[in-house]
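J.: build me a model:
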Amino acid sequence: MKFAVLVFPGSNCDIDCYKAVQDTLGEPVDYVWHTTTDLSAYDCILVPGGFSYGDYLRCGAISRFAPVMNEVAKAAEEGKFVLGICNGFQILTEAGLLPGALLRNNSMKFRCHDTTLKVVNNTTPFTTDFAEGEEIIIPIAHGEGNYYCDEETLAELKANNQIVFTYTNNPNGSLADIAGICNKKGNVVGMMPHPERAVSTLLGSEDGKRMFTSILKTWRDSHGTASVR
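T.: A predicted model of the protein is given here:
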């Protein structure tokens, strides 16, 4: 399985994502610059956190128009796996690959600490190694993580089981305590917490590791190859 880690001007979690794949899975992984116009070689695209284009206008608003995002949309349509983390989540909402928007934290402060998440949907390619309802520790680091959508969209998210993670102690004012969502097909997930920063006990938690093992297991199962341990 081959992973792509997108890199925009201002990305600062691309190395963390790269190392998480490399150290956790040992699978091929490449940094892919924002001007790239072909992602056909990759099975999973990671859109990392940071401050792409300095968060000018609003978070993710400029990155949404980068050439590589046309290819991300194609990959998503083809059923490939796309995971947007923090700023990556913001970019995916700006690009229309996920519904809703991320607003300023209700405290108007940057929040950087561990959070406890509840696994609401463990049927996505990213969450099969979790139990439904399980609580996991994943850190956050954001100033605009307050998820918002209109009532109709929220009802659709609930009806289609698109809410993947919720906060047990909401740190930013997110609607319905939402920490992560997926598209209707389940192959595109966006989340504000950073699973790539929770892949080792040395980092305080290794709960994020199972997101990466879930991806690989799902891909191998679909390709008829041996599962990751």
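
J.: can you give me the buried ones in stretch 67-78?
T.: 68-69, 71-73, 75-76 (16 or more other C-beta atoms under 10 Å). The way it works is simple: take the backbone N, C-alpha and C, and place the C-beta from them, glycine included.

J.: which other helices and strands does the longest helix that the chain contains contact?
T.: Counting by DSSP state H, the longest helix found in the chain is helix 209-223. Applying 3 or more C-beta pairs under 8 Å, 6 or more residues apart in numbering; DSSP states H and E, one finds that helix 209-223 contacts helix 14-24, strand 81-85.

J.: send over the last one as PDB, restricted to the C-alpha atoms.
T.: In PDB, the C-alpha atoms belonging to strand 81-85 read as follows (Å, rounded to 0.1, in the frame of the first residue of the first chain):
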ATOM      1  CA  PHE A  81      -8.800   6.700   1.200                       C
ATOM      2  CA  VAL A  82      -8.400  10.300   2.200                       C
ATOM      3  CA  LEU A  83      -7.600  11.500   5.800                       C
ATOM      4  CA  GLY A  84      -7.600  15.200   6.600                       C
ATOM      5  CA  ILE A  85      -6.100  16.100  10.000                       C
END
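
J.: start the count at 79 instead of 1 going forward.
T.: Okay, using 79 as the starting number, the last item reads as strand 159-163.

J.: next secondary structure after that strand?
T.: Using DSSP states H and E, the next helix or strand after strand 159-163 towards the C-terminus is helix 165-172.

J.: excluding its own residues, what touches that following helix? List them.
T.: Contacts to helix 165-172, defined as C-beta atoms under 8 Å, 6 or more residues apart in numbering, come from residues 84, 86, 89, 91, 124-130, 133, 136-139, 141-142, 147, 160, 162, 176-180, 222, 258, 266, 268-270.

J.: partners of the next helix or strand after that helix, with directions?
T.: Going down the chain from helix 165-172, the next helix or strand is strand 179-181, by DSSP H and E. Sheet pairing for strand 179-181, assigned by DSSP bridges, gives strand 224-226 (antiparallel).
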